[in-house]
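J.: Have a look; sequence and predicted model below, questions after that.
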Amino acid sequence: MAETLDALQLNLNDGGLMVMNISLCFIMFGVALELTIQDFRDLAKNPKSTLTGVFSQFIFLPAATWLLVVLLEPTPSIALGMMMVAACPGGNISNFFSQLSKGNSALSVSMTAIATTLAIIATPLNFTFWASMYEPTNLILREVSLDIWKVFEIVVLILGVPLIMGMVVRHFKPELAAKLTKWIKGFGVLFFAAFVIVAFSMNFDHFLNYVHLVVGLVFIHNAVALLGGYSLAAMMKLPFADRKSIAIETGIQNSELGLLLIFTFFDGLGGMALIAAWWGIWHILAGFTIGWYWSVGKKSLIKVFSNA
């Protein structure tokens, strides 16, 4: 069955791909409406935490993912999906989970700003580099004749253009930006959620038949990201709030961007698409879980066990 997954292609027509593009642009534009030039300047005030977060996001996670693939030897399409997710920047909901976890919200916002900017270059380079370092995934890259410049072009259009437009609006029309932010982000998320529902309905049988092959891998992969980000921050002796934010920024990935690239360049290759889709569901559950634990859950559990 695993071998069949490598040959499977999920269905998504041109209209669906267009909806996906538009929704992601809306989401990124909404994120950018909350960013200012000061957010980038604030990075210089906290360089140790910022550099640790960037290292965790763009160097540790892709490298750890490659090692995980080598050790676990999943099917090539699943392995390639894991590498795609790891190459993407932090998810747009990471700021919310950082706040929920009582992390360093200022650091989280600043990291979102720098990660989104760096991802324009880092995502295509990280993905192609690490995928080429593992022969089974390298074979897929050669089969599809992946053009890194085309990947770069798509990432610029989806991340770069909305980022610049949103920050320009925020800089010159801050009151308008404040009014638009919640509406646009909410609309973008709902738009994307509707797309996911439609895409799942078109491929529901495939999802039921194969999702069990990726559930455990996504859990392990996400745990490595969260624990790795936290451990790196702890090794650098950063404050507890910074550790939480870096863990979340590393473990909450922009799997929506990954899905878009998968459908655009790999025609919805089965294992890749399932990994990215399930990651998009799982990291929300994981985010709420650790957010609850770090905010009130730990104290509640201690109280329960102390009274037992």
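T.: Received, thanks.

J.: Quick one: distance of stretch 271-291 to the chain centre.
T.: With Cα atoms, centre = their mean, to the nearest Å as the basis, the distance from the averaged C-alpha position of stretch 271-291 to the chain average is 9 Å.

J.: Okay, buried residues for it please.
T.: Going by neighbour count (16 or more other Cβ atoms under 10 Å), the buried part of stretch 271-291 is 271-280, 282-283, 286-287, 290-291. No exception for glycine: its C-beta is placed from N, CA and C like everyone else's.

J.: try stretch 42-58
T.: Taking 16+ other Cβ under 10 Å as the neighbour-count basis, stretch 42-58 is seen to contain the buried residues 42-43, 46, 49-50, 52-58.

J.: Distance across it, terminal residue to terminal residue?
T.: Using Cα to Cα, to the nearest Å, the end-to-end distance of stretch 42-58 comes to 20 Å.

J.: got the contact list for it?
T.: The set of residues external to stretch 42-58 that reach it, using Cβ atoms under 8 Å, 6 or more residues apart in numbering, is 89-90, 104, 106-107, 110-111, 113-115, 118, 122, 126, 228-229, 232-233, 236, 238, 242, 245-246, 249-250.

J.: Quick check: PyMOL command selecting the buried ones in these.
T.: Only the buried members of the contacts of stretch 42-58 enter the following PyMOL selection, criterion being 16+ other Cβ under 10 Å:
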select buried, resi 89+90+104+106+107+110+111+113+114+115+122+126+228+229+232+233+236+238+242+245+246+249+250
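
J.: From the contacts of stretch 42-58, which land in helices?
T.: Secondary structure of the contacts of stretch 42-58 is defined by DSSP state H; positions in helices are 106-107, 110-111, 113-115, 118, 122, 126, 228-229, 232-233, 242, 245-246, 249-250.

J.: follow-up on the earlier one: looking at the buried residues of stretch 271-291, which one is closest to Val144?
T.: Comparing the buried residues of stretch 271-291 against Val144 with Cβ to Cβ places Met272 closest, at 10.9 Å.
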